[in-house]
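Q: Compute the structure for the input listed below.
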Amino acid sequence: MSGNMLKPAMSNLSPAQMQEISEAFALFDNDKDNRLSPYEFKVALVALGFELKPMEISELLQSVDLTADDKIAFRDFFSIVKKLIQERDPITEIVQAFKLFDEESSGKISYRTLKKIAK
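A: Just a heads-up that it's a prediction; the model follows:
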């Protein structure tokens with residue numbers, strides 16, 4: 001992704017977060033036109049860890065100026081993802097991550113699971 005794609009990055013996001021947003025956009029821009037279709041937008045959000053309902057995605061798309069062919073430009077994608085990241089609740093994120101590794105839903109992560117994760 002070119003450096004000018006990161007201009008909206010004048011924000012409080014870390015360089016790693018900005019890179020992750022850029023990479024997700026580039027990965028899901030299937031036709032490489034620097035715009036995402038509504039489907040590509042949804043898939044990119046899921047890849048970035050946002051599980052949104054269809055109505056929430058529609059509202060996000062309605063909040064920006066889509067191109068003539070109903071696609072979202074990088075600048076708008078970046079703004080939306082930045083806002084979503086800033087609205088994340090760190091405690092909820094930690095609980096969700098913990099649940100991923102609590103295979104028996106016991107409220108504990110076993111040594112076996114930790115060993116498997118570490119490999």
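
Q: Quick one: list the elements packing against the worst-scoring helix or strand of the chain on mean pLDDT.
A: Across the helices and strands of the chain, mean pLDDT, DSSP states H and E gives its lowest value to helix 90-101, namely a mean of 80. With contacts defined as 3 or more CB pairs under 8 Å, 6 or more residues apart in numbering; DSSP states H and E, the secondary structure elements packing on helix 90-101 are helix 111-118. (C-beta placed from N, C-alpha, C; glycine too.)

Q: Identify the bridge partners of A73.
A: When bridges are called by DSSP bridges, A73 pairs up with R35.

Q: For K119, grab the count of nearby residues.
A: Under the neighbour criterion other CB atoms under 10 Å, K119 is assigned a count of 4.

Q: how about the spatially most central residue of the chain, what does it touch?
A: Closest to where the C-alpha atoms of the chain average out (CA atoms, centre = their mean) is L48, at 2.5 Å. For L48, the contact set (CB atoms under 8 Å, 6 or more residues apart in numbering) comprises E20, I21, A24, V81, L84.

Q: What is the burial count for the residue nearest to the fourth one when sequence neighbours are not counted?
A: In space, not counting the residues next to it along the chain, V81 is nearest to I21; the distance is 5.0 Å by CB to CB, 6 or more residues apart in numbering. Residues within reach of I21, counting by other CB under 10 Å, total 25.

Q: my read: I21 touches F78, true?
A: Yes: look at I21 against F78 with CB atoms under 8 Å: they come within range, at 5.8 Å.

Q: ok, A47 - contacts?
A: Each residue near A47 by CB under 8 Å, 6+ apart is listed here: A24, L27, F28.

Q: Tell me how far the last one lies from I85.
A: In this structure, F28 and I85 are separated by 17 Å, where distance is defined by CB to CB, to the nearest Å.
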